[in-house]
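1. Give me a model of this one.
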Amino acid sequence: MHKFSHFGQRPNGHSLGHCPVPPLMLHNTLTDRQEPFHKEDGKVSMYVCGITPYDYPHVGHGRVYVTFDVLYRLLRFLGYDVTYCRNFTDIDDKLINRAEKELNDPADYLIIANRFIEAFHEDLLSLACLSPAYEPRVTTHIGPIIAFVEGLIAAGKAYATPIGDVYYSIKSFPEYGKLSRRSIADLEAGARVAVREDKHDPLDFALWKSTDVAPGWESPWGFGRPGWHIECSAMAKAYLGETLDIHAGGMDLIFPHHENEVAQSEGLHNKIFARFWMHNAFVRINQEKMSKSLGNFVTLRDLCNRFHPMVIRYYYLIHHYRSPLDFTAEDIEGASKSYQRLCLALEKVPAAMIDEIRNSSDPLLQSMLAALCDDLTIAKFFGLLFESLSELGPNEASVIKGLINEVLGLNLVPLPKAEVVITPEIQQLLDEREAARAAKDWARSDALRDQLKILGVEVQDRKL
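-> This is a model prediction of the structure:
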């Protein structure tokens, strides 16, 4: 049983209507349990780790940003004043290497970054993700990053080497491992990295990396570039302060990235870095985590050429964000039919405005809100709706459609007929599959066939 409490007042003191809702419960990675989320002053700071823009966003990225877009929308619906920050790591070896390969000049890495940041914005817009208040880029925050590193050195948490590298000293932060629940002893036992002469401990991680060639920046330790982990600590502080309410991202970031952020920020400020840590599970293809390095990733734009973006958003949402998501064409087709049924059922009903939704005391709406507030259990939300879909009255249907629009970001417009477009990325997959077949690499050939099937391309093999 859920214990409901009336909105009565927004957290910031403004009237929110009389719709009763349960307390918001969110799973906190730090404690590994669901905990009530509440802020008396009504102001919420939320930081979600962004992308390294060296290629088109893939469906794994889509899951991250759709998930936390819904959280952002829900918090705002509940009356919170949310400051949402999401970064871009626009300096990285992958960017530099791509610039050298494509443009013959590693110094042109920002051309690559700008291209894929624009693509990222286009893809998230198609998925109806709201824009954050801030989207800081590493290259425009080198000053705050250097200042942060200087602070860690002064606090005895980091040290500079004679060649101009700066490392964080793991042993200086006794709580290291608390987010990922790994002990320093266990990490040491598993470490296979030889200790460099200038590094005190194999587990110490880089805050600043020296380099002899551009791109880079001058620093107190010489010419170089920031380490990966320090970027988010510095940018989160710059826009949201020393303690965040929510820090989120994919579960692959828990260790080492987010663990290192905890060590950096708490090591410098001696206060909790984030009250809630939230992470979504992997997207898998053929039971393997999808990633660029494994060569089994599907871009968002290719997928959205095959399926309507609202179907992709709906498909993400009907799978709980903390459960692994196995992408298959059959599942997406099923989600498309389910979503179309919903669109047609509510097509002629106007979506209620937000104040009407907040003032509604409809029992079904309350139950659906309870599912949302139970750690974003959206499958239950839709389960409740589909059970009652044929029995909805016009007023009830109107407030529910408004809630779906407002919080889930689904526009519920009936779907047009989809057509497959052979993009350059799809053509590359076709070419790679032909090469795999020619090399009699049947496992690779089958994996590529499955990727193409997800994108709506059925291949018919000829005899070799």
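2. now the strands for the stretch 201-350 of the chain?
-> Across the stretch 201-350 of the chain, reading from the start of the chain, the strands by DSSP state E, counting those that start in this stretch fall at 205-210, 224-226, 244-250, 274-280, 283-285, 288-289, 325-326.
3. Double-check that Leu430 belongs to a helix.
-> Yes - under DSSP: H, G, I helix; E, B strand; the rest coil, Leu430 sits within a helix.
4. and it, what is it in contact with?
-> When contacts are counted by CB atoms under 8 Å, 6 or more residues apart in numbering, Leu430 is found next to Ile422, Leu452, Val457, Val459. Placement of C-beta: from N, CA and C, glycine included.
5. Can you tell me the closest non-neighbouring residue to the first one?
-> Once flanking residues are discounted, Ile422 sits nearest to Val457: 7.4 Å by CB to CB, 6 or more residues apart in numbering.
6. what about that neighbour, which SS state?
-> Each residue gets one of three states, and Val457 gets coil by three-state DSSP.
7. Surely it is in contact with Ile426?
-> Yes - counting by CB atoms under 8 Å, a contact exists between Val457 and Ile426, whose distance comes to 6.1 Å.
8. Break the protein down into its structural domains.
-> Using automatic domain parsing, the domain ranges for the chain come out as 5-284, 424-454.
9. Thr377 is nearest to which of those?
-> Between Thr377 and those, the tightest spacing by CB to CB is seen for domain 5-284, at 9.6 Å.
10. before we move on, the earlier item: including distance to Met310 and mean neighbour count, could the strands of the stretch 201-350 of the chain go into JSON lines?
-> Output for the strands of the stretch 201-350 of the chain, formatted as JSON lines (distance: least, CB to CB, whole Å; neighbours: other CB atoms under 10 Å):
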{"stretch": "strand 205-210", "distance to Met310": "41", "mean neighbour count": "22"}
{"stretch": "strand 224-226", "distance to Met310": "38", "mean neighbour count": "23"}
{"stretch": "strand 244-250", "distance to Met310": "22", "mean neighbour count": "24"}
{"stretch": "strand 274-280", "distance to Met310": "19", "mean neighbour count": "22"}
{"stretch": "strand 283-285", "distance to Met310": "18", "mean neighbour count": "21"}
{"stretch": "strand 288-289", "distance to Met310": "26", "mean neighbour count": "14"}
{"stretch": "strand 325-326", "distance to Met310": "17", "mean neighbour count": "18"}
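11. quick one: low-confidence ranges for the chain?
-> 1-21, 189-197, 286-287, 290-296, 417-421, 454, 456, 460, 462-464 (pLDDT under 70).
12. those strands in the stretch 1-150 of the chain, which residues are they?
-> All strands of the stretch 1-150 of the chain, identified by DSSP E, counting those that start in this stretch, fall at 5-6, 20-21, 25-28, 33-36, 43-48, 81-86.
13. roughly how far apart are Leu317 and Thr161?
-> For Leu317, the distance to Thr161 under the criterion CB to CB, to the nearest Å works out to 47 Å.
14. make that Leu342, sorry
-> With the distance defined as CB to CB, Leu342 ends up 59 Å from Thr161.
15. what about these two, which has more around it?
-> Leu342 (20 against 16; other CB atoms under 10 Å).
16. Is the closest residue in space to the more buried one that isn't next to it in sequence part of a helix or strand, or is it coil?
-> Across the structure, with CB to CB, 6+ apart as the measure, the residue nearest Leu342 apart from its sequence neighbours is Leu412 (6.5 Å). Using three-state DSSP as the criterion, the local structure at Leu412 reads coil.
17. Can you name the residues that contact Leu412?
-> Remark: with contacts taken as CB under 8 Å, 6+ apart, Leu412 is in contact with Met310, Leu342, Cys343, Leu346, Glu347, Ala351, Lys401, Ile404, Asn405.
18. Distance to Ser265 for those - can I get that in TSV?
-> As requested, these are arranged in TSV below (distance: CB to CB, whole Å):
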residue	distance to Ser265
Met310	37
Leu342	42
Cys343	44
Leu346	45
Glu347	48
Ala351	41
Lys401	42
Ile404	37
Asn405	37
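19. what comes up buried for whichever strand or helix holds Leu384?
-> Using DSSP states H and E, the element containing Leu384 is helix 378-388. Neighbour-count burial for helix 378-388, with 16 or more other CB atoms under 10 Å as criterion, is recorded at Ile378, Lys380, Phe381, Phe382, Leu384, Leu385.
20. Need the residue closest to the centroid of the chain.
-> Relative to the mean C-alpha position of the chain, the nearest C-alpha, by CA atoms, centre = their mean, is the one of Val64, at 2.8 Å.
21. Beta-bridge partners for the nearest residue to that residue once chain neighbours are set aside, please?
-> Leaving out its chain neighbours, the residue that sits closest to Val64 by CB to CB, 6+ apart is Gly250, at 5.1 Å. Assessed by DSSP bridges, Gly250 has beta-bridge partners Asn280.
22. Against Tyr315, how distant is Gly250?
-> 17 Å.
23. Tell me where the stretch 351-464 of the chain has helices.
-> Taking DSSP state H, counting those that start in this stretch as the criterion, the stretch 351-464 of the chain carries its helices at 354-359, 363-373, 378-388, 394-403, 424-438, 442-454.
24. I meant the stretch 201-350 of the chain, not that one.
-> Ranges of helices within the stretch 201-350 of the chain are 228-240, 259-269, 300-306, 309-317, 329-346, based on DSSP H, counting those that start in this stretch.
25. rewinding a little: looking at the domains of the chain, which is nearest to Ser361?
-> domain 5-284 (6.3 Å).
26. sorry, back to before: and the strands of the stretch 1-150 of the chain, which is most packed in?
-> Mean neighbour count, computed with mean count of other CB atoms under 10 Å, is highest for strand 43-48 among the strands of the stretch 1-150 of the chain, reaching a mean of 23.
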